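Predicted model follows, preceded by the sequence.
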Amino acid sequence: MAKSEFVTPAKITRGLGSAKSGTSDHIRQRVTAIALVFLVPWFLYSVINASSIGYAGAAEWAGKPWNAILLILTAGAAFYHMRIGMQIVIEDYIAKTSTRSALLILNSFAVIALFVTVALSVLKLWIGAGA
Amino acid sequence: MVQLTLPKNSRVGKGKTWPKPQGATNLRQFRIYRYSPEEGGNPRWDLYWVDMDKAGTMILDVLLYIKNNVDPTLAFRRSCREGVCGSCSMNIAGSNTIACTKGFDELPGGVISISPLPHLPVVKDLIPDLTNFYAQHAYVQPFLKTVTPNPEKEWKQSEEDRNELNGLYECILCACCSTSCPSYWWNGDKYLGPAALLQAYRWLIDSRDEATGERLDDLEDPFKLYRCHTIMNCAQVCPKGLNPAKAIAKIKHMMVERVS
């Protein structure tokens, strides 16, 4: 913990000072959780239904406007929630600053890539269905 | 990475088995963590037989029995022997508590293990180094802060406002809560821990204190405050029956309130 025996506990505790942040992530995590309470049951119900109607049926279902909108909202809320959750896990367990920073960047990249992939796939079905 | 196993020089080895007291009929075995910086080497588990008919009723009585009758070298902190000073906090049968209010009748069967509070440097035997814990308490500035000039007599408070401090002021700083918290284990240098945050809330909610905003500023940090993941070990082990997790949740509410 202490870098040397001469570093005082007060120095360690004060550290780099308070970051004056964290509340926005705390709020966003709870807001996305509230959204997911409604979206996840709808998503699970729909996916189970869609799984029995074949590829064409599922594509048609996902291409309907309300389904597409809800799918994109579900992905957005879930991935945003996941980003904050993963960030907390990384901060909890990875103490080395360089590894931690690298993983935090990777976390953001992965989540954005996943969201863009899902959103564009759904949009393709929606726009494809309308054409 | 988080340290999930003890470092090599902290692994606890097998120690000495002390002789049974003569003529005792009601015997119970205790396994106690021993470490002496003078002797060096790794810590060890020593086994003691205790005559329960002569040892009193609490775990502190057991420790005093051992120190007085079996092994005077056993080191532990104690003072008030009635749950007020918080000195004799330690891990008893796998759970942090204070030895003086833990009765025999609350113990599980079999050999009872007693070790120092987890995840702290050990000074000797059951005595952990709490300097970092105290520095965290000092960080929350646990005293009244005002900008209004002092009144001629005391700062007054309504009965309702005084009642807000119930469940907070009783903390005896035994460190059972902080050292039972996994978040505190992994990030004890940056996370203030349940004990310091409970005291922070005690001053945040005090109707006489005028530094609420500054206090919140000093706490608003992903590590200092938001490392609490409501694991609730703190509330489970508190020997005074307090709920630090609830106090931390209320601090978070105050944080949200001032931005919304």
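Good, I have the coordinates.

only C-alpha atoms for contact and neighbour calcs from this point on.
Will do.

Quick check: the residue lying closest to B:Tyr226 once chain neighbours are set aside vs B:Asp217, distance?
Excluding the flanking residues, the one nearest B:Tyr226 by C-alpha to C-alpha, 6 or more residues apart in numbering or on different chains is A:Gly22, at 6.8 Å. Distance, A:Gly22 to B:Asp217, using C-alpha to C-alpha, to the nearest Å: 11 Å.

just A:Thr8 next, same as before
Relative to B:Asp217, and taking C-alpha to C-alpha, A:Thr8 is found at 23 Å.

ok, now which ones touch the residue nearest to B:Tyr226?
A:Gly22 sits next to B:220-222, B:226 when contact means C-alpha atoms under 8 Å, 6 or more residues apart in numbering or on different chains.

quick check, nearest of those to B:Pro21?
B:Tyr226 (50.9 Å; C-alpha to C-alpha).

can you give me how far the longest helix seen in chain A is from the chain middle?
Identified as the longest helix of chain A according to DSSP state H is helix A:97-130. Here helix A:97-130 is found 9 Å from its chain centre; the criterion is C-alpha atoms, centre = their mean, to the nearest Å.

which parts of it are buried?
Judged by neighbour count (16 or more other C-alpha atoms under 10 Å in any protein chain shown), helix A:97-130 contains these buried residues: A:100, A:103-104, A:107-108, A:111-112, A:115, A:118-119, A:122-126.

just for chain A, where's the confidence low?
In the predicted model, chain A carries pLDDT under 70 at residues A:1-3, A:130-131.

hmm, try it at 90
By pLDDT under 90, the low-scoring segments of chain A are A:1-5, A:50-51, A:95, A:128-131.

quick one on the thing from earlier: in JSON lines, list the contacts of A:Gly22 along with neighbour count.
Formatted as JSON lines, the contacts of A:Gly22 follow (neighbours: other C-alpha atoms under 10 Å in any protein chain shown):
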{"residue": "B:Glu220", "neighbour count": "21"}
{"residue": "B:Asp221", "neighbour count": "20"}
{"residue": "B:Pro222", "neighbour count": "21"}
{"residue": "B:Tyr226", "neighbour count": "24"}
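
and those residues as TSV, adding distance to B:Tyr48?
Output for the contacts of A:Gly22, formatted as TSV (distance: C-alpha to C-alpha, whole Å):
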residue	distance to B:Tyr48
B:Glu220	48
B:Asp221	46
B:Pro222	45
B:Tyr226	42
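
Go through the residues you listed and flag which are in helices.
Per DSSP H, the contacts of A:Gly22 never map to helices.

gap between the residue nearest to B:Asp217 when sequence neighbours are not counted and B:Glu220?
Once flanking residues are discounted, B:Asp217 sits nearest to A:Lys20: 6.1 Å by C-alpha to C-alpha, 6+ apart. Using C-alpha to C-alpha, A:Lys20 is found at 5 Å from B:Glu220.

Spell out which residues of chain A are next to chain B.
Residues of chain A lying close to chain B by C-alpha under 8 Å from any C-alpha of the partner chain are A:1, A:9-10, A:12-15, A:17-23, A:26-27, A:92-96.

now those residues: which count as buried?
A:9-10, A:12-14, A:18, A:21-23, A:26-27, A:92, A:94.

okay if I get these as TSV plus secondary structure?
Listed next are these as TSV, based on DSSP: H, G, I helix; E, B strand; the rest coil:
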residue	secondary structure
A:Pro9	helix
A:Ala10	helix
A:Ile12	helix
A:Thr13	helix
A:Arg14	helix
A:Ser18	coil
A:Ser21	coil
A:Gly22	coil
A:Thr23	helix
A:His26	helix
A:Ile27	helix
A:Asp92	helix
A:Ile94	coil
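
For stretch A:88-108, which outside residues touch it?
A:83, A:86-87, B:1-2, B:183, B:186-187, B:227.

Please convert the buried members of these into ChimeraX selection syntax.
Command for ChimeraX, covering only those of the contacts of stretch A:88-108 found buried under the criterion 16+ other C-alpha under 10 Å:
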select /A:83,86,87 /B:183,186,187,227
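
so, if you compare the buried residues of helix A:97-130, which one comes nearest to chain B?
A:Arg100 (9.6 Å; C-alpha to the nearest C-alpha).

Narrow the contacts of stretch A:88-108 to those in helices?
Per DSSP H, the contacts of stretch A:88-108 map to helices at A:83, A:86-87, B:183, B:186-187.

and which of the residues you listed is nearest B:Ser260?
Nearest member of the ones in helices among the contacts of stretch A:88-108 to B:Ser260, counting by C-alpha to C-alpha, is A:Arg83, at 22.9 Å.
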